[in-house]
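> take this sequence and fold it.
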Amino acid sequence: METEILSDEELADLTGYKSRGWQRRWLNERGWRFVESRGGRPLVGRQYARLKLGVTLEVVPLAPAPQTQAPAWTPDFSKVR
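Numbering: from 1, shown residues only. Predicted coordinates for the structure are as follows:
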């Protein structure tokens, strides 16, 4: 299952650097927004990265809702006073 934050390996693939300092530099130079963890690791959101990279997800249309049928009988209220 994917997390909402890019993993260490994904961030290294994105920036081309394993060093956190160089990763931060790469992100800053390109105008990427990120948050640093207590350990200094740059945290980049997965959805943000997709938007910055121009990745679009395929939208799968939902199946149409089943048609509701009228009941087999209906009460006749015409004779009720």
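> how about the helices in this structure?
Applying DSSP state H to the chain gives helices spanning 8-15, 20-29, 46-53.
> which residues touch the last one?
Applying CB atoms under 8 Å, 6 or more residues apart in numbering, the external contacts of helix 46-53 come out as 2-6, 14, 32-33, 57. Heads up, the C-betas are built off the backbone N, CA and C, glycines and all.
> and it, what's buried?
49, 52 (16 or more other CB atoms under 10 Å).
> and for the second one?
Within helix 20-29, the residues that qualify as buried by neighbour count (16+ other CB under 10 Å) are 20, 23-24, 26-27.
> ok, the first one next?
Applying a neighbour-count criterion of 16+ other CB under 10 Å, the buried positions in helix 8-15 are 11-12, 14-15.
> for those, which one is nearest A65?
Using CB to CB, L14 comes nearest to A65 of those, at 40.8 Å.
> L6 is in contact with that closest one, correct?
Yes. Counting by CB atoms under 8 Å, L14 does reach L6; the two are 6.9 Å apart.
> so what sits against both of those two?
44, 49.
> run through the protein and note the low-pLDDT ranges.
For the chain, the stretches with pLDDT under 70 are 1, 57.
> kindly recompute the last result at 80.
Counting by pLDDT under 80, the chain has low-confidence residues at 1-2, 55-75, 81.
> ok so, going back, buried only: go through the contacts of helix 46-53 for me.
Buried among the contacts of helix 46-53 by 16+ other CB under 10 Å: 5-6, 14, 32.
> show me which of these is closest to R81.
I5 (70.1 Å).
> can you name the residues bridging to that closest one?
G45 (DSSP bridges).
> let's have the chain start at 42 instead
All right, first residue 42 from here; so that's I46.
> wait, doesn't it sit right on S78?
No. Using CB under 8 Å as the test, I46 is too far from S78 to be in contact (9.3 Å).
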